[in-house]
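# Provide a 3D model corresponding to the input given below.
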Amino acid sequence: MLPPFTAEGFLPQGLHHASWTEFVTRFGNGKRRTHLLEFGLQHLLNLLAAAGCTEVRLGGSFVTTKERPGDFDGVWMSAGVDENRLPMEIYASVGAQSDIFGGSLVPENWQYTDIGVLAQALETNRKGIKVGMVVLAPQEVPFIQPLDRYRRFFTAAPISHPWDR
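As a prediction, the model looks like this:
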């Protein structure tokens, strides 16, 4: 169960596990949040689940009381993930992912230019105070019809990426 927000509108420091239903109930209110959840985040989580990802950690403004977050931000744990089953966009820049999905989920050790590893940056707010992150299991997220360009990632055959050649 997700803990209450702090007086500043953040989750308390630490990792907080949630079911998809609990996550949507807590963070899916309002048109902007609903759109980010249904259009982008759920698609990305489905793609990660199909590749074997078992844990995603979400931070940033989306998991706060901010009424209209600009996007969602998170990292995925790479243990057990078949990277050949992921589209190139999963490894694109944060900006490129945001353009497609409305937010970004990057590998856990992703170096994000001037702030270092993104996972560590998401654990701290702009005032330098440690804040909480939400942990989701992608395989528990309901499958939705994938965007046309990603349908092939849900087939049984492994995908060959141009960089593998």
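# Let's verify residue 58: helix, strand, or coil?
State at residue 58, reduced to three classes by DSSP: H, G, I helix; E, B strand; the rest coil: strand.
# so it touches residue 133, yeah?
Yes: between residue 58 and residue 133 there is a contact under Cβ atoms under 8 Å: 6.2 Å. (C-beta placed from N, C-alpha, C; glycine too.)
# any common contacting residues for these two?
Shared contacts of residue 58 and residue 133 (Cβ atoms under 8 Å, 6 or more residues apart in numbering): 74, 122.
# how far away is residue 150 from residue 75?
Per Cβ to Cβ, to the nearest Å, residue 150 is found 20 Å from residue 75.
# now swap in residue 121 and tell me
10 Å.
# Those two: who's more crowded?
More crowded of residue 121 and residue 75, by other Cβ atoms under 10 Å: residue 75, with 25 against 16.
# quick one: secondary structure of residue 146?
At residue 146, secondary structure determined by three-state DSSP is coil.
# wait, doesn't it sit right on residue 49?
No: applying Cβ under 8 Å, one finds residue 146 not in contact with residue 49, separated by 11.4 Å.
# The two: which is more packed in?
residue 49 (19 against 16).
# Am I right that the more buried one is in a helix?
Yes: assessed by three-state DSSP, residue 49 belongs to a helix.
# Find me the pLDDT at it, would you?
What the model reports as pLDDT for residue 49 is 94.
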